[in-house]
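# Just a sequence and a predicted model for now, questions to come.
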Amino acid sequence: MGKTNLINKKTKFTILALLLIIGRLYDVSTTYLFTPDLKNETNVLVKFLGAGWTSVIIIQSLLLGLTIYLLYFYFFKFKPELPTNKDLTLKQFASYLYFNDKSSFSKLFYKLPTNKKTLLASTGYIVTMTLLATSFIVGTSTTFLLISDNYTQLYKQGIPIILYTTMIGLAILFTIRFIKLEFKKYQICLTENDRNKEQ
């Protein structure tokens, strides 16, 4: 069972890492085709910091490498100490997961978690999934800019704001997803412990 689980983890990690790389290449290549001089690029690095292609590629590569490492950490190094308390709510579990107690859920909105392993693992999962989805969404949007004048006119009416809002929404969605996945592990662990006691 443990070996099968490891194989599944390796497969999931490999697929996600490859998709992430493909997604970033798709985004960057469509951007280059649309605006080789980056004059029409809305990326923060370009728009506000004046970064050129060399800087963009170096920074993007470093961020991609860091994201893949954190994804690796999530799959193969992250082993949270699950609470032994029964019947915790999802909020109480999230509080325990990030702050090691069940009454600090509100701190998630304004304080850095005290459980650094959870912070690293959740960042790996959340950033990977958000960046993966965003890469293909933005890449497709840029593709439409290349082939459709109608979409170009629509884009100027506020599509970039929609794209950034979507990115934030996805990050929130995958944060909730991460907590729910760990919550499910907690529930399975409790069930297995109960079965072992009965035997």
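Yep, it's here.
# wait, residue 142 sits on residue 29?
No. Residue 142 lies out of contact with residue 29 (C-beta atoms under 8 Å); the separation is 9.1 Å. The C-beta positions use only the backbone N, C-alpha and C, and glycine is treated the same way.
# quick one: which of those two has more around it?
A count of neighbours by other C-beta atoms under 10 Å puts residue 142 above the other of residue 142 and residue 29, at 22 against 13.
# Which strand or helix spans the nearest residue to the more buried one once chain neighbours are set aside?
The shortest distance from residue 142 to any non-neighbouring residue, by C-beta to C-beta, 6 or more residues apart in numbering, is to residue 30 (3.9 Å). Element membership for residue 30 (DSSP states H and E) is helix 2-34.
# Counting by contacts, list what the strand or helix carrying residue 169 packs against.
Residue 169 is part of helix 159-198 when elements are defined by DSSP H and E. For helix 159-198, the elements it packs on are helix 90-99, helix 116-147, judged by 3 or more C-beta pairs under 8 Å, 6 or more residues apart in numbering; DSSP states H and E.
# Could I get the buried residue list for that helix?
159, 167, 170-171, 174-175, 178-179, 182-183, 186, 190 (16 or more other C-beta atoms under 10 Å).
# Can you lay out those as a markdown table showing pLDDT?
Shown next, in a markdown table, are those (pLDDT from 0 to 100):
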| residue | pLDDT |
| --- | --- |
| 159 | 89 |
| 167 | 95 |
| 170 | 97 |
| 171 | 97 |
| 174 | 98 |
| 175 | 97 |
| 178 | 97 |
| 179 | 96 |
| 182 | 94 |
| 183 | 94 |
| 186 | 90 |
| 190 | 83 |
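# Can you pick out the most distant pair from those residues?
159 and 190 (46.2 Å; C-beta to C-beta).
# Spell out the secondary structure type for the residue nearest to residue 92 when sequence neighbours are not counted.
Closest residue in space to residue 92, ignoring its immediate chain neighbours: residue 102 at 4.0 Å, by C-beta to C-beta, 6+ apart. Assigned state for residue 102: coil (three-state reduction, DSSP: H, G, I helix; E, B strand; the rest coil).
# so who does residue 102 touch?
By C-beta atoms under 8 Å, 6 or more residues apart in numbering, residue 102 lies in contact with 83, 85, 88, 92-93, 95-96.
# mind running it again at 7 Å?
For residue 102, the contacting residues are 85, 88, 92, 95-96, by C-beta atoms under 7 Å, 6 or more residues apart in numbering.
# Fine, thanks again, bye for now.
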